[in-house]
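[1] predicted structure and sequence below. I'll ask about it afterward.
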Amino acid sequence: MKKFILIFLVTLLMSPIAISADTSTPDQVEDAIELPRNDKTDRTMPEKNHLTEINSDTDSRVYKIELGMNPTEKLTIVSQKTYDIVITDSNGNTIIQRNEIGEEGSRQVEFPTDNYGDYYLFITPSDDGRTQYPYSLRVIVGEPIYLYYGNEYQINLLNSSLTPTNTTSRIQYFDLSDIDSIPEGSILTGFTVGGTEVNRSSLSLYSIKRSLRPNSSLNWIDATYPLYSPSDLDVAPKSDQILVKQGWAFRHSADFYPGETATYTLTPKITLDYKIEMK
């Protein structure tokens with residue numbers, strides 16, 4: 001996992017760099033860099049970010065960003081150095097102050113945005129002993145960056161059957177709330193439902209549905225033939241993201257070809273894929 005994060009960070013830091021010479025202080029915000037709010041929630045690199053280069057202990061940055069549409073927002077710092085952070089509102093009131101932000105486990109800062117308007121971010125190199133300048137610095141405010149470890153979790157369920165007169169299976173339930181191997185806050189990005197089948201030739205293939213429903217929703221998510229894997233979960237808006245660590249329900253259904261009398265049986269094997277926030 002740490003190897004993946006290292007590769008991911010190198011990718012972030014090797015993108016083309018726009019160098020800024022701004023050295024503003026909390027008393028000098030006229031030249032603050034305009035920073036748009038990141039609204040992307042999928043695995044792609046946010047377009048709305050700022051990538052710069054820090055050249056010395058005194059080479060600081062000031063950003064201005066319009067916020068207030070949400071109760072809180074998140075600042076993400078991506079660098080091989082840490083930074084001291086001060087965030088103020090348009091009146092100069094300090095909203096939050098943090099030191100040595102940027103290392104694994106402390107790359108993200110959440111702060112309140114009670115009032116609509118401009119907010120200012122003051123970012124100064126920390127006294128962390130790292131002096132091999134220059135350092136790349138990427139700043140993102142809004143939706144966080146998501147990490148994909150290639151992690152998955154598999155669930156094996158009991159077999160259940162369909163007949164020409166009963167084309168929807170019984171519902172099976174499973175609970176992932178207390179699974180330690182799944183990180184807290186993991187967000188569903190996809191799932192695949194495979195398994196062992198008996199008498200599949202009796203079914204109209206394009207009618208097959210294998211469906212999951214999280215406890216947090218009343219709606220079923222269908223996975224259909226031939227992949228049995230929905231394709232749009234990773235790009236779901238923030239309000240529709242689904243946490244993995246909760247209770248789940250599973251069912252499957254299909255139509256039979258006319259004249260079929262056989263019983264179709266599926267022993268499901270479900271694979272869940274997920275992402276977590278960079279923190």
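    Now that the structure is in, tell me what you want to look at.
[2] where is the longest strand in this structure?
    The single longest strand within the chain, with elements called by DSSP state E, is strand 264-277.
[3] now for it, which elements pack on it?
    With contacts taken as 3 or more C-beta pairs under 8 Å, 6 or more residues apart in numbering; DSSP states H and E, strand 264-277 sits against strand 146-147, strand 152-156, strand 160-162, strand 187-198, strand 209-214, strand 247-253. Just so you know, the C-beta spots here come from the backbone N, C-alpha and C atoms, and that holds for glycine as well.
[4] got those strands as CSV, with distance to residue 180, mean pLDDT and mean neighbour count columns?
    Shown next, in CSV, are the helices and strands packed on strand 264-277 (distance: least, C-beta to C-beta, whole Å; pLDDT from 0 to 100; neighbours: other C-beta atoms under 10 Å):
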stretch, distance to residue 180, mean pLDDT, mean neighbour count
strand 146-147, 18, 88, 18
strand 152-156, 11, 96, 14
strand 160-162, 28, 98, 18
strand 187-198, 18, 96, 18
strand 209-214, 19, 98, 20
strand 247-253, 17, 98, 18
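[5] out of these, which gets nearest to residue 220?
    The minimum distance between residue 220 and those falls on strand 209-214, with 4.3 Å, by C-beta to C-beta.
[6] that closest one packs against which elements?
    Counting by 3+ C-beta pairs under 8 Å, 6+ apart, strand 209-214 packs on strand 187-198, strand 221-224, strand 247-253, strand 264-277.
[7] hey, where'd the strands end up in the stretch 1-150 of the chain?
    33-34, 50-54, 61-67, 72-79, 83-89, 94-101, 108-112, 117-125, 135-142, 146-147 (DSSP state E, counting those that start in this stretch).
[8] right, so the ones you listed: which one is the most enclosed?
    strand 135-142 (a mean of 23; mean count of other C-beta atoms under 10 Å).
[9] specify the angle between that strand and strand 61-67 in degrees.
    With axes from the mean of the first three to the mean of the last three C-alpha atoms, to 10 degrees as the basis, strand 135-142 and strand 61-67 are set at 10 degrees to each other.
[10] show residues contacting strand 135-142.
    Residues from elsewhere that reach strand 135-142 (C-beta atoms under 8 Å, 6 or more residues apart in numbering): 12-15, 17, 35, 37-39, 46, 48-54, 61, 63, 65, 67, 73-81, 83, 121, 123, 125.
[11] please apply the same query to stretch 232-248.
    41-43, 143, 153, 173-179, 182, 184-191, 212-217, 221, 272, 274-275.
[12] quick one: buried ones out of the residues you listed?
    41, 143, 153, 176, 182, 186-191, 212-214, 221, 272, 274-275 (16 or more other C-beta atoms under 10 Å).
[13] could you measure from the residue nearest to residue 185 when sequence neighbours are not counted over to residue 174?
    Distance criterion C-beta to C-beta, 6 or more residues apart in numbering; nearest residue to residue 185, sequence neighbours excluded, is residue 276 at 5.7 Å. In this view, residue 276 and residue 174 are 21 Å apart by C-beta to C-beta, to the nearest Å.
[14] picking up where we left off before, who does the residue nearest to residue 185 bridge with?
    residue 147 (DSSP bridges).
[15] just the pLDDT for it.
    Per-residue pLDDT puts residue 276 at 91.
[16] any idea of the pLDDT on residue 3?
    pLDDT, residue 3: 47.
[17] quick one on the thing from earlier: turn the strands of the stretch 1-150 of the chain into JSON lines, columns for distance to residue 245.
    Shown next, in JSON lines, are the strands of the stretch 1-150 of the chain (distance: least, C-beta to C-beta, whole Å):
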{"stretch": "strand 33-34", "distance to residue 245": "38"}
{"stretch": "strand 50-54", "distance to residue 245": "33"}
{"stretch": "strand 61-67", "distance to residue 245": "29"}
{"stretch": "strand 72-79", "distance to residue 245": "20"}
{"stretch": "strand 83-89", "distance to residue 245": "30"}
{"stretch": "strand 94-101", "distance to residue 245": "27"}
{"stretch": "strand 108-112", "distance to residue 245": "19"}
{"stretch": "strand 117-125", "distance to residue 245": "32"}
{"stretch": "strand 135-142", "distance to residue 245": "24"}
{"stretch": "strand 146-147", "distance to residue 245": "16"}
